[in-house]
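Colleague: Model the structure of this input:
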Amino acid sequence: MQSILNFLTAVKVNNNREWFQDNKPVFEEAKSSFEEFVNILILKIKEFDNTIDVSSAKECTYRIYRDVRFSKNKEPYKPNFGAYIAKGGRKSEFAGYYIHIESGASFAGGGIYCPQPEVLKSVRDDIYNDSGNIKKIINEPIFKTVFPEMYGEKLKTAPRGFPKNFPDIQLLNYKSYTVITSLTNEDLTAGDFLDNLLSIFKTQKPFNDYLNGVITG
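Modeller: Got it, this is the predicted structure:
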């Protein structure tokens with residue numbers, strides 16, 4: 001993992017095509033190392049989550065190349081590697097497990113990020129009908145220690161079609177239903193990193209199970 005961090009740190013400092021082309025072999029080595037790690041991670045996650053149907057990192061990892069066409073940030077490369085392990089792979093609408101490697105800004109977690117409107121409406125409907133289902137999960141002591149709060153943007157007022165005086169309105173206002181926990185560079189390079197990461201994902205699994213249960217009806 002240290003070689004991956006070294007490369008990604010260098011990308012942050014040298015985010016231009018000339019440097020990247022000169023260091024393409026270093027990128028390929030770092031990319032290969034990350035994919036090897038993700039391949040192992042997939043197998044380990046499958047041991048406790050039988051909904052995962054992907055078999056290789058290539059189904060789960062994201063390209064390092066940024067789409068700068070509509071972005072003010074014209075840097076051509078992402079300074080991170082990421083993988084989303086879920087039923088259907090990285091483009092899945094199902095809740096899954098995400099690992100983000102970026103020097104000084106790594107994290108792990110998952111859920112559903114910016115879901116389609118009908119999926120988001122289904123989750124909100126379920127919470128409105130019985131908020132106890134999700135509250136039981138996110139307020140469980142171990143879960144709350146790893147994931148103190150849900151992550152992501154929230155509406156400033158109640159979603160359309162829901163009453164503003166709903167007691168758990170804050171749970172309806174999320175645009176995504178995701179949780180994350182930060183990882184330091186020291187976490188990533190520790191000998192027990194894989195075990196610790198799997199522990200994070202096992203803690204997260206009930207959250208994914210809840211969301212996927214709502215998605216599948």
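
Colleague: could you say which helix or strand contains the residue nearest the centre of the chain?
Modeller: Geometric centre of the chain, nearest residue: residue 98, 3.1 Å, by CA atoms, centre = their mean. Here residue 98, judged by DSSP states H and E, is contained in strand 96-101.

Colleague: coming back round to it: go ahead and confirm the residue nearest to the centre of the chain touches residue 108.
Modeller: Yes: Residue 98 lies in contact with residue 108 (CB atoms under 8 Å); the separation is 6.8 Å. All C-beta spots, glycine's among them, are computed from the backbone N, C-alpha and C.

Colleague: Overlap in contacts, these two.
Modeller: With contacts taken as CB atoms under 8 Å, 6 or more residues apart in numbering, residue 98 and residue 108 have residue 180 as neighbours in common.

Colleague: hey, where'd the strands end up in the protein?
Modeller: Along the chain, counting by DSSP state E, strands occupy 81-85, 96-101, 106-112, 177-183.

Colleague: any chance of these in CSV, with distance to residue 21 and mean pLDDT too?
Modeller: Converted to CSV, those look like this (distance: least, CB to CB, whole Å; pLDDT from 0 to 100):
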stretch, distance to residue 21, mean pLDDT
strand 81-85, 19, 98
strand 96-101, 22, 98
strand 106-112, 26, 97
strand 177-183, 30, 97
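
Colleague: Among those, which comes closest to residue 36?
Modeller: Closest of those to residue 36 is strand 81-85, at 11.7 Å (criterion: CB to CB).

Colleague: Output that closest one as CSV, nothing but the C-alphas.
Modeller: Only the C-alpha atoms of strand 81-85 are listed here, as CSV (Å, rounded to 0.1, in the frame of the first residue of the first chain):
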residue,chain,number,x,y,z
PHE,A,81,-7.8,5.1,-6.4
GLY,A,82,-11.3,3.9,-5.6
ALA,A,83,-13.3,0.7,-5.7
TYR,A,84,-17.0,0.1,-5.2
ILE,A,85,-17.8,-3.6,-4.4
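
Colleague: Also compute the angle for the strand holding residue 98 relative to strand 177-183, please.
Modeller: Counting by axes from the mean of the first three to the mean of the last three CA atoms, to 10 degrees, strand 96-101 lies at 30 degrees to strand 177-183.

Colleague: Helices of the protein, start to end?
Modeller: Counting by DSSP state H, the segments of the chain that form helices are 2-13, 17-22, 24-46, 117-129, 132-138, 141-146, 169-172, 185-189, 193-216.

Colleague: Same list, these, but as TSV with distance to residue 58 and mean pLDDT please.
Modeller: As requested, those are exported to TSV (distance: least, CB to CB, whole Å; pLDDT from 0 to 100):
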stretch	distance to residue 58	mean pLDDT
helix 2-13	17	95
helix 17-22	21	95
helix 24-46	7	97
helix 117-129	25	96
helix 132-138	31	97
helix 141-146	29	97
helix 169-172	36	96
helix 185-189	22	96
helix 193-216	20	97
